[in-house]
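**Q** Have a look at this prediction, sequence included:
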Amino acid sequence: MQDDPEWPEAATILAHDPRFAEGAVVPPIHQTSLFTFESYEQMRATFAGRTGQSVYSRVGNPTTAVFEDKLARLEGAEAARGFASGMAAISGAVLSQVQNGDRVVCVRHVYPDAYRFFEVLLPRMGVRVDYVDGRNLDAMARALVGARVLYLESPSSWVFEVQDIARLSAAARREGATTIVDNSWASPIFQRPLAHGADLVLHSASKYLGGHSDTVAGVVAGSAELIGQINRIVLPYLGAKLAPFEGWLLVRGMRTLEIRMRAHERSAMSVATALRGHPSVVRVLHPALDGTVDGRQLTGSSGLFSIELADGVDVPGFCDALRLFKMGVSWGGHESLVMPAAVVHEQAAAGPNSAIDFGVSPRIVRLHVGLEATQDLIDDLTRALASAKT
């Protein structure tokens, strides 16, 4: 690709690319494991980092680089690194920052698999994790004394509690800790953690970045120095590479990211508002309903939120009665989904369980509002609530 101005608006970054070879408007898929060299000197210069040529697709590929560059520009980062999954991005970011004897401070209600990573793998490496209410700034400041990493997920899983990234990042910086923020819920369209002081921002790219439920991927963005640490310490040895085809799918999906996010936002707000006063719903857990989407940190909201059903509603019956909302563990695609916390509670014997440990009610059902007609979704939920009354 040739050099082009750094266009600042998200819509332009998403839709526009510098010129590809032969004038193509879509990047080519470099489906190759290996890149060869014309001469010894070229290979030597590449190994010394002077050419920018790809060497081996486990550590870099021109197609995945298009995705990484686009995400970095969206997040206001110097660099980004794609991974084969969101969990690979989470583990890669954290492992690049910790060693034996270190301590991580993590927000409560963190993504369940991140919680299992913190509870199962990190202790084997001699790394301790403390969990703190991210809304309690004083408790966070006390916990950060002597910590190496602050890990935030704003809003958090299941209950969608928003953390003050700027104040918490400042507290972490005073203690020499690296702040990592999972930004999957808001996407760069509605939140840019690096602009508020975070050091690294990550995404499960399987969610809104891809947007079509056809890709499993992750990405981390930040300064060139911190991404360089990931590239040196983690990427070559764990092998969780982003494949060229998945990188191409992500570039394709991101073309419509801003349009999709605003559609998810509008529809989810209508659904949440309709459910807020429903007699079968005890509460609606949506950040925009409690004033935390105020245009300062969060400039908008996505399609993911939770509801807590009243005691007189059968949770399995409600889920089974839905026709447009399917049951599934992921989110961020075009389709509407429900995930009942009751199922997670039933898996208590399977290992560390953040829903149980942080007190998520089994009567909570997480909703992802997709791109179907909004009124059809409201009607589907209303009918299911009526049929599930006991």
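**A** Structure's in. What do you need? Numbers count the residues shown, from 1 in each chain.
**Q** make it CA atoms for all contacts and neighbour counts henceforth
**A** OK.
**Q** who touches the residue nearest to Ser336 when sequence neighbours are not counted in this structure?
**A** Spatial nearest neighbour of Ser336, excluding adjacent residues (C-alpha to C-alpha, 6 or more residues apart in numbering): Gly370 at 4.2 Å. Residues near Gly370 by C-alpha atoms under 8 Å, 6 or more residues apart in numbering: 264, 267, 303, 332-337.
**Q** Would you map the strands across this protein?
**A** Per DSSP state E, the chain carries strands over the ranges 79-83, 103-107, 128-132, 149-153, 178-182, 200-204, 218-222, 281-285, 304-309, 326-327, 337-340, 364-368.
**Q** any chance of these in CSV, plus mean pLDDT?
**A** Below are the strands of the chain laid out as CSV (pLDDT from 0 to 100):
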stretch, mean pLDDT
strand 79-83, 97
strand 103-107, 98
strand 128-132, 98
strand 149-153, 98
strand 178-182, 98
strand 200-204, 98
strand 218-222, 98
strand 281-285, 97
strand 304-309, 98
strand 326-327, 98
strand 337-340, 98
strand 364-368, 98
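**Q** among those strands, which is nearest Pro352?
**A** Evaluated over the strands of the chain, closeness to Pro352 peaks at strand 128-132, with 13.2 Å, by C-alpha to C-alpha.
**Q** Partner strands of that closest one, with direction?
**A** In the sheet, strand 128-132 lines up against strand 103-107 (parallel) (DSSP bridges).
**Q** between the strand it pairs with and strand 178-182, how big is the angle?
**A** Angle of strand 103-107 versus strand 178-182, following axes from the mean of the first three to the mean of the last three C-alpha atoms, to 10 degrees, is 30 degrees.
**Q** Hmm, Ala79 is touching Val219, no?
**A** No. Taking contacts as C-alpha atoms under 8 Å, Ala79 lies outside contact range of Val219: 10.5 Å.
**Q** So between the two, which is more surrounded?
**A** Ranked by neighbour count (other C-alpha atoms under 10 Å), Ala79 and Val219 place Val219 first, with 30 against 21.
**Q** The more buried one and Glu119, how far apart?
**A** 22 Å (C-alpha to C-alpha, to the nearest Å).
**Q** Now do the shared contacts for Ala79 and Val219.
**A** Glu68.
**Q** How about the contacts made by Leu309?
**A** 280-283, 315, 363-365.
**Q** What of Asp320?
**A** Contacts of Asp320 (C-alpha under 8 Å, 6+ apart): none.
**Q** Kindly report the same for Thr32.
**A** Contacts here follow C-alpha under 8 Å, 6+ apart; on that basis Thr32 touches Ser57.
**Q** Since that was my last question, I'll sign off now.
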